[in-house]
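Asker: model the structure of this input:
(chains A and B)
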There are 2 protein chains.
Amino acid sequence: MVGKVVRVMASGVFDILHLGHVYFLEEAKKLGDELIVVVARDSTARKLKHQPIMPEHVRVKMVEALKPVDKAILGHEDDMFKTVEEIKPDIIVLGYDQVFNEKYIEDECRKRGLKVKVVRLGKFTGSDLNGTRKIIGKIISAYAFQKEIESIERVNDNENNRDS
Amino acid sequence: MVGKVVRVMASGVFDILHLGHVYFLEEAKKLGDELIVVVARDSTARKLKHQPIMPEHVRVKMVEALKPVDKAILGHEDDMFKTVEEIKPDIIVLGYDQVFNEKYIEDECRKRGLKVKVVRLGKFTGSDLNGTRKIIGKIISAYAFQKEIESIERVNDNENNRDS
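Answerer: The predicted structure is shown next:
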């Protein structure tokens, strides 16, 4: 007898890909046979977090380029359960920092006739550079540092010009 | 008769992954059966371009997480042909903006007893956000804009305080 294919669903913004995303999706895939990833629309990302650097059509292609991902699709703007009804997952996986409540999701799925198990994964600790905000912070720090150096150099140049 | 496995080698810094990288590696993979990607060391990246945002041990794992990539390794610091001798590729693929000369690479490989064909790929035009520098530029613009808004708000606050 061949067992039923276990379908796992994960979701997120996936703005600038980093090792935390890869780890999350690898662990998600291990829970079943196929992994469908729902990538947040730009409008949803703005509501949940902030304006993404990469537009939604880029983010969905980047996620689908990752080995553990069987399919990546864009979510609905207004109702996450519309997408759940379309995908009909057996398991919904949540990242350590995703704010959804496990029981709420299971209850809402049951109301729609879907038996879904919600699994929350742990935080990735393998690298100190594991969040999009941290990557953006690092870029901005480097930029601010460079601006500061330039302003010091300008002051020095002006002083040198006065001396000469 | 089973044909020989055609091994393709590609290389680059692969700092913040974007669609240009994915497209480049997908096209590279199509040229053969297996794709080995050589990821530049941090020291090499500094010499060629600039200090990378992501450290080398992260960049190599990110590249290996992409579907077209069979294996990703870090390059040698000093001599690219050491890596070529280790990988023994049939094809070396170059991106549209990689400065190496095709004939120089083929000649240097021949000196080392390796018959290598060098193939240069075209530029990816499917997205306006296809380079790491562009992504960094977008982050910095958003940051500079935010700082400007904050400084305008500070001026307004000061004026309002004076009025009251």
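Asker: so what's A:Glu85 closest to, chain neighbours aside?
Answerer: Take A:Glu85 and drop its neighbours on the chain: the residue closest to it by CB to CB, 6 or more residues apart in numbering or on different chains is A:Arg112, 5.7 Å away. (C-beta placed from N, C-alpha, C; glycine too.)
Asker: give the contact list for the one you found.
Answerer: A:Phe81, A:Val84, A:Glu85 (CB atoms under 8 Å, 6 or more residues apart in numbering or on different chains).
Asker: in three-state terms, label A:Ile36 for me.
Answerer: For A:Ile36, the secondary-structure state derived from DSSP: H, G, I helix; E, B strand; the rest coil is strand.
Asker: one step back: quick check: the residue nearest to A:Glu85 vs chain B, distance?
Answerer: From A:Arg112 across to chain B, the span is 32 Å (CB to the nearest CB, to the nearest Å).
Asker: next: A:Val93.
Answerer: For A:Val93, the distance to chain B - CB to the nearest CB - is 17 Å.
Asker: and if you look at A:Ala72?
Answerer: Counting by CB to the nearest CB - A:Ala72 and chain B are separated by 12 Å.
Asker: can you tell me the SS state at that residue?
Answerer: A:Ala72 ends up strand, using three-state DSSP.
Asker: look up phi and psi at the residue nearest to A:Glu85.
Answerer: Backbone torsions of A:Arg112, given as degrees, to the nearest 10, read phi -90, psi 10.
Asker: so how far is A:Glu86 from it?
Answerer: For A:Arg112, the distance to A:Glu86 (CB to CB, to the nearest Å) stands at 11 Å.
Asker: OK, contacts around A:Gly113?
Answerer: A:Gly113 touches nothing, counting by CB under 8 Å, 6+ apart.
Asker: is the lengthiest helix in chain A anywhere near chain B?
Answerer: Criterion DSSP state H: the longest helix present in chain A is helix A:132-163. Yes - counting by CB under 8 Å from any CB of the partner chain, chain B has neighbours in helix A:132-163: A:Ile135, A:Ile136, A:Lys138, A:Ile139, A:Ile140, A:Ala142, A:Tyr143.
Asker: for those residues, give me a markdown table that also has neighbour count.
Answerer: Compiled in a markdown table, the residues of helix A:132-163 next to chain B are given as follows (neighbours: other CB atoms under 10 Å in any protein chain shown):
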| residue | neighbour count |
| --- | --- |
| A:Ile135 | 22 |
| A:Ile136 | 21 |
| A:Lys138 | 14 |
| A:Ile139 | 21 |
| A:Ile140 | 18 |
| A:Ala142 | 15 |
| A:Tyr143 | 16 |
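Asker: helices or strands up against the lowest-mean-pLDDT helix or strand in chain A?
Answerer: Least confident element among the helices and strands of chain A, by mean pLDDT, DSSP states H and E: helix A:132-163 (a mean of 73). On a contact count with 3 or more CB pairs under 8 Å, 6 or more residues apart in numbering or on different chains; DSSP states H and E, helix A:132-163 meets helix B:132-163.
Asker: what residues of the helix it packs on count as buried?
Answerer: B:Thr132, B:Ile135, B:Ile136, B:Ile139, B:Ile140, B:Tyr143 (16 or more other CB atoms under 10 Å in any protein chain shown).
Asker: and which of those is nearest to A:Phe14?
Answerer: B:Ile135 (14.0 Å; CB to CB).
Asker: isn't the closest one right next to A:Pro52, touching?
Answerer: No - with contact defined as CB atoms under 8 Å, B:Ile135 does not count as touching A:Pro52 (11.2 Å).
Asker: the strands in chain A, which residues?
Answerer: A:7-12, A:34-39, A:71-74, A:91-94, A:117-120 (DSSP state E).
Asker: what sits against the spatially most central residue of chain A?
Answerer: Residue closest to the average C-alpha location in chain A (CA atoms, centre = their mean): A:Phe14, at 3.0 Å. Taking CB under 8 Å, 6+ apart as the criterion, A:Phe14 is in contact with A:His21, A:Val37, A:Val39, A:Ala40, A:Arg59, A:Met62, A:Val63.
Asker: what's the closest of those to B:Val119?
Answerer: Nearest to B:Val119 among the contacts of A:Phe14, with distances taken as CB to CB, is A:Met62, at 24.6 Å.
Asker: one step back: in CSV: the strands of chain A, plus mean pLDDT.
Answerer: CSV is the format used below for the strands of chain A (pLDDT from 0 to 100):
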stretch, mean pLDDT
strand A:7-12, 97
strand A:34-39, 98
strand A:71-74, 97
strand A:91-94, 96
strand A:117-120, 95
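Asker: now tabulate the ones you listed in TSV and tack on mean neighbour count.
Answerer: Listed next are those as TSV, based on neighbours: other CB under 10 Å:
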stretch	mean neighbour count
strand A:7-12	24
strand A:34-39	24
strand A:71-74	17
strand A:91-94	22
strand A:117-120	15
